[in-house]
Structure formats: C-alpha cells, structure tokens
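[1] What follows is a predicted structure for the sequence shown.
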Amino acid sequence: MARKRGLLYDPDSLNRNLKIARMDVYYKEYVRKALRTAIMLTVLIHLLIFFVLSTVAATTGNKAIYLLAVVTLPLSFFALFTFIIKLPEVAIMRSKKNVEAEITSAIRFLILDLKADASMFSALQNLAKNFDEIGIYMNDAIIKAKLGTPLDEALGETVEAVPSESFRVFIWQILNYLQTGIDITPGLRVLVDEIVENQKIEFKKYGKRLNVLSLFYMIVAIILPTIGFTMIAAALIFLSVPITLGLILGFWIVFTILQLVFLVLSSGNRPVVEQ
C-alpha cells in the first residue's frame, strides 16, 4: 500500500533515497530529525537577521522593518527543511559521481581477471578490494553470497540500490553471464566505449553551461557587489541615512550566499571523464 504523500516530501521516494544513499534510518525518524535541525537553524539565522534589522531600525527610526522577520521566518524554515530532506539525493549524486569515476577502470579490471581464467566470484572479490565506491556494492553482494544467497540473487538485490545507470548495466551483464554462461568480454568492451563517449559528451555540455555560469558569477558576485553597493551607499548618504555595521553585514551575507550558490552549481554539475 502506497504511503500518503507529505506536504514537502514523498515518503516512498524519501525511503528509497535513504536506502540508496546507504543512510540506515527509517524515513519517519529522518523527517523528525530534519524538523528539529531546521527549527534550530532557523532560530540561529533569525537571531542574526534580528540583529541586522534592529540596527537598521535604530538608525532609520522605522520599526516596520521588523515585519521582514515575519516574512523571512517561514521562508527560512521551508528552505532549510527542504534542503535537509534533499540531503539523501545529494549523497546519491555524490555516490553516482564516484561510481562513474571508477566504472570504466572497474570493467577493464574485470575483463583482465576473466581473461586470466579467474572465476566470476574471485573477480568480483578483486573488484571489491581495488575500488572504493564500486567495492562497497560488490562487497555487499559477496557477503550475501558467502552467507548462502546465490550470487546472481545477491547481485539482483544489489542492483536495486545502485545510483548509476552505467553501473546497473554492468551488473546486468554479469547477471547475464551467470545465468547463461556466455562470454561477456565483448559486451563489456562495447559498454566501456559507450560510457567513455557519453562522458565526453556530458563534459562538452558542461563546458557550455560553465560559460553561462561564469557570466552569471561575474555579474552577480563581482560587478553587482562593487557597483551596486557603491550606488546604494551613495543613495543612502544622499538621503542622510548612516551606513551602519548591520547594513554592511546584511549586504555581506547576501553576496556571500550568491557566491556559494555559484560554487555549488559549478562544482555540483561537473561530470567525470575517463582519462
């Protein structure tokens, strides 16, 4: 029976993401922790916001400025809670990148082991020992196999928790070999070539996106803070409004957040390419 969808999250999707991200916690407990963390962070952030607003109100005499806190309070909580709920997806993306950085080397490693007449079980044990991220998934299947589960069933259970499509295809190739006994080395070589070509295409697309992000960074994080702050400061001086520490701190926080957003967008979308 499907669980009822929450206001800010899908229970089924969250539970699946927690499993794939290897976070050993039930989704309800994770949501409770996310709520507590979001509330604490919201309080801390609004202490800083209140300090900035009180400084501005003291210099301008405008107490209505405190109404901004009423607007930012629910927005901050919503943003923080959503961010924490999405952390399993971030962990999955990180694991996927790590897997895709190893996948072509892992496939070639397996081909060499099979050409040396190693058994599939022995070859998978070598993969688990020599590759950090892929080794985690292979080691899970090996442990299940040692406990009595057939190797193909163990790999079939592992493939459900794999974050990378190319790694999933790799495991399906192994399953096909275990079930039919057909030589898989030609198929694995084709798979390696396809993965490398896809990585090159993704890297070219990333180069084009990076040009746009660089332009955004120059405008928002360099030009706007210098020219924008100068113009605002001139306007405040013209209106006889003093430039206080709270006002400068507020500008600093906004522009710091913009620069952090750029860093996350630029580094988070960077694909891996086989060297």
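    Ah, there it is.
[2] Can you tell me which residue sits nearest the middle of the protein?
    residue 90 (2.4 Å; C-alpha atoms, centre = their mean).
[3] quick one: that one and residue 170, what's the gap?
    Going from residue 90 to residue 170 by C-beta to C-beta, to the nearest Å gives 24 Å. Where you see a C-beta, it was placed from the backbone N, CA and C, and this is true even at glycine.
[4] Dihedrals phi and psi, residue 22?
    Note on residue 22: its backbone torsions stand at phi 60, psi 40 [degrees, to the nearest 10].
[5] Low-confidence stretches in the stretch 101-250 of the chain?
    213, 217, 220-222, 224-225, 228-229, 236, 239-250 (pLDDT under 70).
[6] And the helices in it?
    120-130, 132-146, 151-159, 165-180, 185-217, 229-238, 245-268 (DSSP state H, counting those that start in this stretch).
[7] what angle separates the second one from helix 165-180?
    Comparing the axes of helix 132-146 and helix 165-180 via axes from the mean of the first three to the mean of the last three C-alpha atoms, to 10 degrees yields an angle of 30 degrees.
[8] repeat for the fifth one
    In terms of direction (the same axes, to 10 degrees), helix 185-217 departs from helix 165-180 by 170 degrees.
[9] Would you pull up how far helix 185-217 lies from the middle of the chain?
    Here the centre of helix 185-217 is set off from its chain's centre by 18 Å, with C-alpha atoms, centre = their mean, to the nearest Å.
[10] For that helix, buried residues please.
    187-188, 191-192, 195, 199, 202, 206, 213, 217 (16 or more other C-beta atoms under 10 Å).
[11] And for stretch 110-123?
    Under 16+ other C-beta under 10 Å, the buried positions of stretch 110-123 are 110-111, 113-114, 120, 123.
[12] Export those residues as JSON lines, with columns for distance to residue 151.
    As requested, those are exported to JSON lines (distance: C-beta to C-beta, whole Å):
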{"residue": "110", "distance to residue 151": "14"}
{"residue": "111", "distance to residue 151": "18"}
{"residue": "113", "distance to residue 151": "15"}
{"residue": "114", "distance to residue 151": "15"}
{"residue": "120", "distance to residue 151": "7"}
{"residue": "123", "distance to residue 151": "11"}
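[13] So which of the residues you listed is the closest to residue 163?
    residue 110 (19.4 Å; C-beta to C-beta).
[14] and residue 32, which of the helices of the stretch 101-250 of the chain is closest to it?
    That would be, of these and by C-beta to C-beta, helix 245-268, which comes in at 26.5 Å.
[15] looking at it, residue 145 is touching residue 156, isn't it?
    No. Residue 145 is not in contact with residue 156 according to C-beta atoms under 8 Å; the separation is 11.5 Å.
[16] I'd like the distance between residue 169 and residue 28.
    Taking C-beta to C-beta, one finds residue 169 at 34 Å from residue 28.
[17] who has more neighbours, those two?
    residue 169 (17 against 12; other C-beta atoms under 10 Å).
[18] who's in contact with the closest residue to that one other than its chain neighbours?
    Nearest non-adjacent residue to residue 169, counting by C-beta to C-beta, 6 or more residues apart in numbering: residue 191, 6.3 Å away. Contact partners of residue 191, counting by C-beta atoms under 8 Å, 6 or more residues apart in numbering, are 107, 166, 169-170, 173.
[19] how does it look with 10 Å?
    By C-beta atoms under 10 Å, 6 or more residues apart in numbering, the contact list for residue 191 reads 103-104, 107, 166, 169-170, 172-173, 184.
[20] re earlier: wait, the residue nearest to the centre of the chain touches residue 163, no?
    No. Counting by C-beta atoms under 10 Å, residue 90 stays clear of residue 163, with 11.4 Å between them.
[21] between those two, what contacts are shared?
    Contacts common to residue 90 and residue 163, judged by C-beta under 10 Å, 6+ apart, are 17, 21.
[22] And residue 102, how far from residue 127?
    According to C-beta to C-beta, residue 102 and residue 127 sit 9 Å apart.
[23] Can you check which residues contact both of these two?
    109, 134-135.
[24] Using TSV, lay out those residues together with neighbour count and distance to residue 22.
    Shown next, in TSV, are these (neighbours: other C-beta atoms under 10 Å; distance: C-beta to C-beta, whole Å):
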residue	neighbour count	distance to residue 22
109	17	23
134	26	14
135	19	13
